[in-house]
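**Q** give the three-dimensional model of this entry:
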Amino acid sequence: MSDTAILINTAVAVLATVLLIVKFKVNPVIGLVLGSLYLGLSTGLGITKTVETITQGFGDIMMEVGLLIAFGVLMGSILNEVGAIRRLVERLLSVFGPKYLPYSMAVAMSTVLQSIFVDVLIVISAPLARRMASKIGPMGTARLATAMAISLECGIIFMVPGVGALAVAGVLGVPLGTMLICGLVLVVPTVILAVLVMSFLFSRGFWKPARDEQNVFDEQDYPQSSGNQIQSSGTTPGQPEPPQGHPGALKLATDQDSQRETPLLLLFTPLLLSLILIAAGAIAEIVKINNGVLALLGNPVVALLIGLIGTTIIGRKDLGQKGLDEAITGGFKDSGQILLLTGAGGSLAATVAAAGLGDILGGFFSASAVAPLVVVWVIAAVLHIAVGSVTLSAITAAGMLAPIAPALGLDPVLIALAAGAGSLFMIHVTSNTFWLLQSLLGQTVRGALKTVTVGVSVASVIALGLVLVMSIFI
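**A** Next up is the predicted model:
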């Protein structure tokens, strides 16, 4: 088959997948598999080869990241239940003060809390941001909303064990230790610079409180989370605190006592230990240290398993066995959807590679790394605008460019980071994250377009620039 025909059929497959998901509301997993089937058959792979490629692509990425995603989400679910996020944000306020809260909150969410399912993290942290907004000045809502939007999305797609980072690394075969180190190097300056740029714009009149905010919350509300449900001291949001002697008040007091008994650092120690072990394993591999124990403990699966076991032990102490079981059940529910979507994205990426698109695109680029990195960013950005899924757009874009990486001498981690950066561009009304941040932070739609759409797009462009700089050294 001619190169032109392969390019046309690949474009049709991707566009058809987007239309199925957006226009006809087909489940993304089904849409991805249908797009893979069309691409394989239309490019001459044949029925048997097409099906084998789809199933192998699904299996390969599950082999790479399946357990990692499950372990990361389960850790996040337990941390959510024990109230670790609320306590962390309060500690950041006390340590860094109101002036630097948006920056410290953004760095913490993008580096430490990325294992928590993003919707749950929004539900937990949004009430805290609302309460603290008034403490950092008239632009408090705008700055904290932007910091949350930027850090949540960047953490998921750049930082291990964020589900997006794991998925893209799996598609490209990037070692998790390398993804962790390079993601950390990228995400911290990205979120700080993006929040700084947006804060400057807000201070120059970009934010209009009268038109961009809606005061629909009672400051007495202090929701916490149990699984995916919002609770407020045993009542529904907006209701008064339960009187003394009420079971809800007793439960709140018990929860607070329990949380005081467990130091905040101890709650996060297992997760931090996992990340340190993964990074140590990657560094040992780079400097060629052959140590069996370090190789075992630094393996991402083993490291995250150690983190999960430690988090489970600590969680049982605070939650009891029943509460721990509920947290794990909720984590399995969240991870199932992510695993299927990631696997189906891997199927499409494998089919694109088998169709020969990589060899064709390789001829269009010089040995320079700039052109393919910009192209993968653009592809991911366009897909995200259409579909509204950060993970899906990053996986698809990375899969299309992955085959040309060896021919160009381009490290796959750069493609992973560029695809992740592009997938952040123009988060808008097709995204559930957009509506959660809009409603839970008391913004109008106009306000959310500024804090979420513009804010995360600024981060997307900054991240691309930093990836291009990194390409000089990697």
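**Q** can you pull the buried residues of the host helix or strand of Met75?
**A** Applying DSSP states H and E as the criterion places Met75 in helix 47-81. For helix 47-81, burial by neighbour count (16 or more other Cβ atoms under 10 Å) applies to 50, 53-54, 57-58, 60-62, 64-81. The C-beta positions use only the backbone N, C-alpha and C, and glycine is treated the same way.
**Q** residues contacting the helix or strand hosting Leu383, please?
**A** Assigned by DSSP H and E, Leu383 belongs to helix 370-387. Outside helix 370-387, the residues that touch it by Cβ atoms under 8 Å, 6 or more residues apart in numbering are 14, 18, 21-22, 28, 361, 365, 390, 392-394, 396-398, 400-401, 404-405, 408, 410, 414-415, 418-428, 430, 460, 464, 467-468, 471.
**Q** can you tell me the closest non-neighbouring residue to Leu92?
**A** Leaving out its chain neighbours, the residue that sits closest to Leu92 by Cβ to Cβ, 6 or more residues apart in numbering is Ser104, at 4.6 Å.
**Q** so that neighbour versus Gly66, what's the distance?
**A** Separation of Ser104 from Gly66 (Cβ to Cβ, to the nearest Å) stands at 33 Å.
**Q** quick one on the thing from earlier: are any of the contacts of helix 370-387 buried, and if so which?
**A** 14, 18, 21, 28, 361, 365, 390, 392-394, 396-398, 400-401, 404-405, 408, 410, 414-415, 418-428, 430, 460, 464, 467-468, 471.
**Q** mind listing the helices for the stretch 51-200 of the chain?
**A** With DSSP state H, counting those that start in this stretch as the criterion, the stretch 51-200 of the chain has helices at 84-111, 118-133, 140-158, 163-172, 176-201.
**Q** so what angle separates the directions of the fourth one and helix 140-158?
**A** Think helix 163-172. Here helix 163-172 runs at an angle of 30 degrees relative to helix 140-158 (axes from the mean of the first three to the mean of the last three Cα atoms, to 10 degrees).
**Q** cool, the last one as well?
**A** Here the directions of helix 176-201 and helix 140-158 differ by 160 degrees (the same axes, to 10 degrees).
**Q** now do helix 176-201: which elements does it pack against?
**A** helix 84-111, helix 140-158, helix 163-172, helix 264-286, helix 412-423, helix 455-473 (3 or more Cβ pairs under 8 Å, 6 or more residues apart in numbering; DSSP states H and E).
**Q** where in the chain is pLDDT low?
**A** By pLDDT under 70, the low-scoring segments of the chain are 115-117, 120, 124, 215-261, 358-359, 361-370, 407-408, 430.
**Q** spatially central residue for it, please.
**A** Nearest residue to the geometric centre of the chain (Cα atoms, centre = their mean): Ile156, 1.4 Å.
**Q** in this structure that one contacts Gly164, no?
**A** Yes - contact criterion Cβ atoms under 8 Å: Ile156 and Gly164 qualify, at 4.6 Å.
**Q** which residues do these two both contact?
**A** Joint contacts of Ile156 and Gly164 (Cβ under 8 Å, 6+ apart) are 390-391.
**Q** which residue is the nearest non-sequential neighbour of Ile61?
**A** Gly346 (3.2 Å).
**Q** just the element for that neighbour, please.
**A** helix 300-354.
**Q** mind checking how far that helix is from the chain centre?
**A** 14 Å (Cα atoms, centre = their mean, to the nearest Å).
**Q** quick check: angle from that helix to helix 163-172?
**A** 60 degrees.
**Q** and helix 300-354, what does it pack against?
**A** Looks like helix 300-354 contacts helix 3-22, helix 28-42, helix 47-81, helix 163-172, helix 247-261, helix 264-286, helix 292-298, helix 390-401 (3+ Cβ pairs under 8 Å, 6+ apart).
**Q** could you dump those helices to CSV with distance to Ser439?
**A** Output for those, formatted as CSV (distance: least, Cβ to Cβ, whole Å):
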stretch, distance to Ser439
helix 3-22, 22
helix 28-42, 23
helix 47-81, 19
helix 163-172, 23
helix 247-261, 25
helix 264-286, 28
helix 292-298, 42
helix 390-401, 20
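**Q** to Leu324, which of the ones you listed lies closest?
**A** Minimum separation from Leu324 across the helices and strands packed on helix 300-354 (Cβ to Cβ) falls at helix 47-81, 6.9 Å.
**Q** just checking, what packs against that closest one?
**A** On a contact count with 3+ Cβ pairs under 8 Å, 6+ apart, helix 47-81 meets helix 28-42, helix 118-133, helix 163-172, strand 224-226, helix 264-286, helix 300-354.
**Q** just to revisit the earlier point, what's the closest of the helices and strands packed on helix 176-201 to Asp3?
**A** helix 412-423 (21.3 Å).
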